Structures are given as structure tokens and as C-alpha cells.
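*Asks:* coords please:
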Amino acid sequence: MLDFKTCFFAVSDSSDRNPAASRDLLLRLDALFRKNCSRLDLDESGLEPFKKEAVNQASKAISAVPRTASCTLTALKFVQTEEGWKALLMHMGDSALYAYGRQSGRLTMLSQRNFWLAGKTNALYQAEWLEAEPGALWIMTSDGVPDSAMNACFGRRVNGAAPPPVPEVHEVPEALLTLIAQENTVQDDAAIIALEPGRMKPVDACIIMGGATGMQEKEYIKRCISLEYRDRNAPVDFKTPYACPVI
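*Replies:* Numbers count the residues shown, from 1 in each chain. Predicted coordinates for the structure are as follows:
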């Protein structure tokens, strides 16, 4: 889910018992954040009060997930301060947030894997403010993107060969999916959002993909425009070079 208006981005993965639960969770979260946590500008003194309110709203959305479901959540809410863009990470489960530093050449997991799942608990496992180094890439994934693919994509030597060039932000999803397809392993559903925090640009558009039942898919196909889903009847100009591609 990408809400460009509030700079709120999230990945959620639900079990096969209730595949639509993740979509419902993200829609509920976005509605609550648009109503109560939509601010884009904060001074330093407002960070902790904002975090407290955001965690409260996230808990409301999480507590509404039925007990017959289980969902991971990795979400980022960006705000601009005097020192630049910061993001509040809200996380539970085994989806993940990685950061690749172009200056340091290091890939780091910013989220902490755990067994807390929406539908089983009503609280986030992790909530903290993050700040990106200049030129950094942030990658949000479901557990269908293995660590091996992340390492191969962001600089690990394979069989002694030099690592491939690190992809640009708009190339990250395709590069990762290509690597996953090459692995001789059982493949899970993969969701990927690639972000370049330094290029954040609010625009009035919201996109959500996946996490739907067959009936929901049929309804969305009826509203399909240029092979892209459109939510809230909000027109989206896909020719605009956004800094946040999604697959």
C-alpha cells in the first residue's frame, strides 16, 4: 500500500486461511492515518507525541483483525522536520525493512523479525523513528523475498565474482524478482516496495495491490485502468517518475 498524500507506505502478508485480511488491515490503517496522523511537517518536540498517537491508531487497526487470520505488518510514516525527512517504523512479524547505504555500501535490516502477528496480538512489536543517510535506498518486503536475494542484489560476491551494480530505486523490484525466480527453492508470495527517502514527494494518490479474494479481484478488474489498479477513484498519472515503485 502506498499513500503518496500522507507519505504512508506499508507491506502486509496474511495467511492462506484469510488472504484478504492483510488488505483489510492496510485499508483500515490508511483510513485511520488519513484522519488522525496525516501531518507531513513536525518539529523535533512533536516527534514523540506523534509516535504515541500513531502507535495508538495502529493498535486500533490491528485489534480489528479477526482471530481466524494472521498478518504481518511493516509500515513507514514519513514526516519532514528541520533536519529533513524522518520515518516512523511500525512493525510486527517476519516482513522486513532493509536499508542500503550507497556511501557505506552496506545492507542492513532495520526491522526485527518476530512472531507477533495481527490477529494474534493487538500491539506492535517495534515502533521507532528512523533517519536515512543521504542517497540511501529502503526496501520493504514480505517474507517471500529471501535474504539470499537481498544479499545478491546489494553487493554480495557470488562464487568469487564481483557483485553486480546496485540497481536504481525504480529497478529494485524487478531485480529482486529476477533473482528469486533463479533460486531453486519453494517460492512464496513476494511484495516489494522500494523507496528513496531523500526524494520523497507528496502527491494526492493512494494505491493498494494484492491481498484480495477472487471476488474482490473481479470487482477491481472492472475498475482497471491501463492495467493498473486505482483506489478511491483517485486518478493516478503513471507517467510521473515517482521515487517509490511497487510490485
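*Asks:* residue 61: how many residues sit nearby?
*Replies:* Using other C-beta atoms under 10 Å, residue 61 has 22 other residues around it. In this view, the C-beta of every residue, glycine as well, is placed from N, C-alpha and C.
*Asks:* hang on, isn't it packed against residue 24?
*Replies:* No: taking contact to mean C-beta atoms under 8 Å, the distance of 9.1 Å between residue 61 and residue 24 leaves them out of contact.
*Asks:* other SSEs contacting the strand or helix carrying residue 89?
*Replies:* With the criterion set as DSSP states H and E, the secondary-structure element containing residue 89 is strand 84-92. Applying 3 or more C-beta pairs under 8 Å, 6 or more residues apart in numbering; DSSP states H and E, we find strand 84-92 packed against helix 47-63, strand 73-81, strand 126-130.
*Asks:* pull out the buried positions in it.
*Replies:* By neighbour count, with 16 or more other C-beta atoms under 10 Å as the criterion, the buried positions of strand 84-92 are 85, 86, 87, 88, 89, 90, 91, 92.
*Asks:* out of these, who's nearest residue 181?
*Replies:* Proximity of the buried residues of strand 84-92 to residue 181, judged by C-beta to C-beta, is greatest for residue 91, which lies at 27.0 Å.
*Asks:* just to revisit the earlier point, which neighbours do residue 61 and residue 24 share?
*Replies:* By the contact definition C-beta atoms under 8 Å, 6 or more residues apart in numbering, residue 61 and residue 24 are jointly contacted by no residue.
*Asks:* the strand holding residue 89 pairs with which strands?
*Replies:* Using DSSP bridges, the strands paired with strand 84-92 in its sheet are strand 73-81 (antiparallel), strand 126-130 (antiparallel).
*Asks:* for residue 118, find the nearest of those.
*Replies:* Nearest to residue 118 among those is strand 73-81 (6.0 Å), distances taken as C-beta to C-beta.
*Asks:* any idea how far that closest one is from the chain center?
*Replies:* Its chain's C-alpha centre and that of strand 73-81 lie 10 Å apart, by C-alpha atoms, centre = their mean, to the nearest Å.
*Asks:* can you state the direction angle for that strand and helix 47-63?
*Replies:* Between the axis of strand 73-81 and that of helix 47-63 there is an angle of 150 degrees, by axes from the mean of the first three to the mean of the last three C-alpha atoms, to 10 degrees.
*Asks:* buried residues in strand 73-81?
*Replies:* Of all the residues in strand 73-81, those buried under the rule 16+ other C-beta under 10 Å are 73, 74, 75, 76, 77, 78, 79.
*Asks:* from residue 25, how far off is the third one?
*Replies:* This means residue 75. Distance of residue 75 to residue 25, given as C-beta to C-beta, to the nearest Å: 10 Å.
*Asks:* any idea how far stretch 125-139 is from the middle of the chain?
*Replies:* For stretch 125-139, the gap between its own C-alpha mean and the chain's C-alpha mean amounts to 12 Å (C-alpha atoms, centre = their mean).
*Asks:* just stretch 6-17 next, same as before
*Replies:* Centroid separation for stretch 6-17 versus its chain: 7 Å, with C-alpha atoms, centre = their mean.
*Asks:* buried ones in that stretch?
*Replies:* 6, 7, 8, 9, 10, 11, 12, 13, 14.
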